[in-house]
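Student: Predicted model and sequence below, questions to follow.
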Amino acid sequence: MDALAARFGTPLFVYDAALIEERYQALISAFTGVDLLVAYSVKANGNLAILDRLARLGAGADIVSGGELHRAMQAGIPGDRIVFAGVGKTVSELRSAVAARIHGFHVESAGELRALEAVAAEMGIPARVGLRVNPDIVSPAHHGYTQTGHAETKFGIPVDQVLELYRWAASSPHMDIRGIDAHIGSGILDPAPYGRVLDLLLEIAAQLASEGIELEYLDMGGGYGVPQGDEAGMPVERLAELVVPRVREAGLGLVVEPGRYIVAEAGTLLTTVLYVKRTGEKTFVVTDGGMTELIRPSLYAGFHRVEPTSGTASGDEERVDVVGPICETGDFLALDRRMTVPSPGDVLAVRTAGAYGSSMASNYNSRLRPAEVLVEDGRAHLVRRRETLEDLTRGETIPPSPEDTTKKQA
Ligand code: LLP
């Protein structure tokens, strides 16, 4: 890790290709016995190299924007393995995805269903659809901001509107009804709430079948938590035991949309210690990475292990705050963490940073977004170069100042 930091600079994201593949295969073997599509949730990490490797393994994609559609297709994920959720799909996004003949639009409102029907009619291509149901379940997600299954959230269609909208869609020659979907949140460690979602979706599917509207698949969303601190991750085998027999029995295919489970643990953020600052009150380890690279600690109180890369750190343990250089009190990677106090120049590894790290990175404080490296078969490939100062101001223009314009006219 130190060699990578020296070669590519820090902050740096490092991804382990073998671990990504291992996690993907773990899902495939857990969910065996049913017609399965693992639609990797691109928002977790949309780097083309990662999408390419997953595409080669047979993965599909769960997308939420035209940008993610572009990435997925550029990486060679075929349209018929792509599902599209999101409450605010624009007409132009609907058009691109209809053209790509995606596996399923997961429609989140009556208005969106009408817009999609109009787009499909205009293009002469029937749209494959499923409704995203809001099951009104408060999921045990790791933070309120990642709960998406209860009635107060913007996601999904209330159960009491679902049948009516399916009937409406079934009456249109431009809609090809395929599935039903729910995604209740992220960072979930317990299979039980998925059982309740399954009960509801199967009940709706049975009702539709009795009216002659036959579904082909059931999509359970993603949201499987990974180990954090002392907590174990989602036991996917147990989840699969709960889900697979019932979906198979109903004669349906299964779609799952994991993001974090596949990439989180495969990613590490390397960051260099700039200063150790003691204030009397506290000890701050100031690093060159912060909330612009990994916003999870700030936004969701997300826990990430922070450890020295060299393993040579010695000396006393202390409680420290590991903070970034960004001008926000909320800019930290770890708070009140017991660790051997590192020295300036030491490289720290921030773990489980493969999901929602680089994909949520920003240029705030005019910082350059970091480089990303994929380690595969002992080789390190630069899969995204560090941004430059030119990248930073690309697209900005200065209009002629009113002063200059007046002078010219005079
Ligand atoms: N499917 C849908 C429709 C989603 O909205 C999401 C995540 C997923 C699948 C994948 O969830 P996962 O398996 O990765 O948990 N930025 C937050 C997580 C937000 C997740 C948003 N939707 C975090 O860093 O914890």
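Tutor: Sure, I can see it.
Student: so what's the closest residue to the ligand within the stretch 301-410 of the chain scoring on pLDDT?
Tutor: Using CB to the nearest ligand atom, the closest approach of the stretch 301-410 of the chain to the ligand is made by residue 356 at 3.2 Å. Where C-beta positions appear, they are placed from N, C-alpha and C, glycine not excepted. pLDDT recorded at residue 356 is 98.
Student: Where does it sit: helix, strand or coil?
Tutor: Assigned by DSSP: H, G, I helix; E, B strand; the rest coil, the conformation of residue 356 is coil.
Student: Make sure it is actually in contact with residue 263.
Tutor: No - assessed by CB atoms under 8 Å, residue 356 is found out of contact with residue 263, at 9.2 Å.
Student: Mind listing the shared neighbours of the two?
Tutor: Listed as contacting both residue 356 and residue 263 by CB atoms under 8 Å, 6 or more residues apart in numbering are 44, 45.
Student: Would you mind listing what in the stretch 201-350 of the chain touches the ligand?
Tutor: Counting by CB under 6 Å from any ligand atom, the residues of the stretch 201-350 of the chain close to the ligand are 221, 222, 223, 224, 257, 258, 259, 260, 261, 296, 300.
Student: I'd assumed residue 141 was in contact with the last one.
Tutor: In other words, residue 300. No - if you go by CB under 8 Å, residue 300 and residue 141 don't touch, sitting 9.3 Å apart.
Student: between those two, who's got more neighbours?
Tutor: Neighbour tally, residue 300 and residue 141, criterion other CB atoms under 10 Å: the higher count belongs to residue 141, 21 against 17.
Student: Would you mind measuring from that one to the ligand?
Tutor: Going from residue 141 to the ligand by CB to the nearest ligand atom, to the nearest Å gives 8 Å.
Student: OK, contacts around residue 240?
Tutor: Residues near residue 240 by CB under 8 Å, 6+ apart: 30, 31, 32.
Student: Closest to residue 67 out of those?
Tutor: For the contacts of residue 240, the minimum distance to residue 67 (CB to CB) is 28.3 Å, reached by residue 31.
Student: wait, that closest one sits on residue 254?
Tutor: Yes - the pair residue 31 / residue 254 is scored as a contact, 6.6 Å apart, by CB under 8 Å.
Student: what do these two both touch?
Tutor: Residues touching both residue 31 and residue 254 by CB under 8 Å, 6+ apart: 243, 244.
Student: what's near enough to touch the residue in the stretch 51-200 of the chain positioned nearest to the ligand?
Tutor: Nearest residue of the stretch 51-200 of the chain to the ligand: residue 186, at 3.3 Å (CB to the nearest ligand atom). By CB under 8 Å, 6+ apart, residue 186 lies in contact with 141, 142, 146, 148, 222, 223, 225, 259, 260.
Student: The first one - nearest residue in space that isn't next to it in sequence?
Tutor: Put plainly, it is residue 141. Leaving out its chain neighbours, the residue that sits closest to residue 141 by CB to CB, 6 or more residues apart in numbering is residue 185, at 3.4 Å.
Student: Okay, and the beta partners of that neighbour?
Tutor: Taking DSSP bridges as the rule, residue 185 bridges to residue 147.
Student: Count residues in the vicinity of it, would you?
Tutor: 26.
Student: Show me which strand runs longest in the chain.
Tutor: For the chain, the strand with the greatest residue count under DSSP state E is strand 267-278.
Student: That one packs against which elements?
Tutor: When contacts are defined as 3 or more CB pairs under 8 Å, 6 or more residues apart in numbering; DSSP states H and E, strand 267-278 packs onto helix 2-8, strand 12-16, strand 283-287, strand 347-350.
Student: Low-confidence stretches in the stretch 201-350 of the chain?
Tutor: For the stretch 201-350 of the chain, residues meeting the criterion pLDDT under 70 lie at 311-314.
Student: If we use 90, what do you get?
Tutor: Scanning the stretch 201-350 of the chain for pLDDT under 90 picks out 228-231, 310-316.
Student: all helices for it, in order.
Tutor: 236-249, 260-263, 296-300 (DSSP state H, counting those that start in this stretch).
Student: got the ones you listed as CSV, with distance to residue 13 columns?
Tutor: Converted to CSV, the helices of the stretch 201-350 of the chain look like this (distance: least, CB to CB, whole Å):
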stretch, distance to residue 13
helix 236-249, 25
helix 260-263, 11
helix 296-300, 13
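Student: hey, which of those is tucked in deepest?
Tutor: helix 260-263 (a mean of 28; mean count of other CB atoms under 10 Å).
Student: Return that helix as PDB; C-alpha atoms alone will do.
Tutor: Extracted in PDB, the C-alpha atoms of helix 260-263 (Å, rounded to 0.1, in the frame of the first residue of the first chain):
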ATOM      1  CA  ARG A 260     -22.100  -1.900  -1.300                       C
ATOM      2  CA  TYR A 261     -22.000  -5.700  -0.700                       C
ATOM      3  CA  ILE A 262     -20.000  -6.100  -3.900                       C
ATOM      4  CA  VAL A 263     -17.500  -3.200  -3.800                       C
END
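Student: What is that helix packed up against?
Tutor: So helix 260-263, by 3+ CB pairs under 8 Å, 6+ apart, packs with helix 17-30.
Student: Go through the helix it packs on and flag the buried ones.
Tutor: If you call a residue buried by 16 or more other CB atoms under 10 Å, then helix 17-30 has these buried ones: 17, 19, 20, 21, 23, 24, 27, 30.
Student: Quick one: name the residues of the stretch 1-150 of the chain near the ligand.
Tutor: 41, 43, 44, 62, 85, 146.
Student: quick one: contacts for residue 266?
Tutor: 15, 16, 17, 19, 20, 23, 354.
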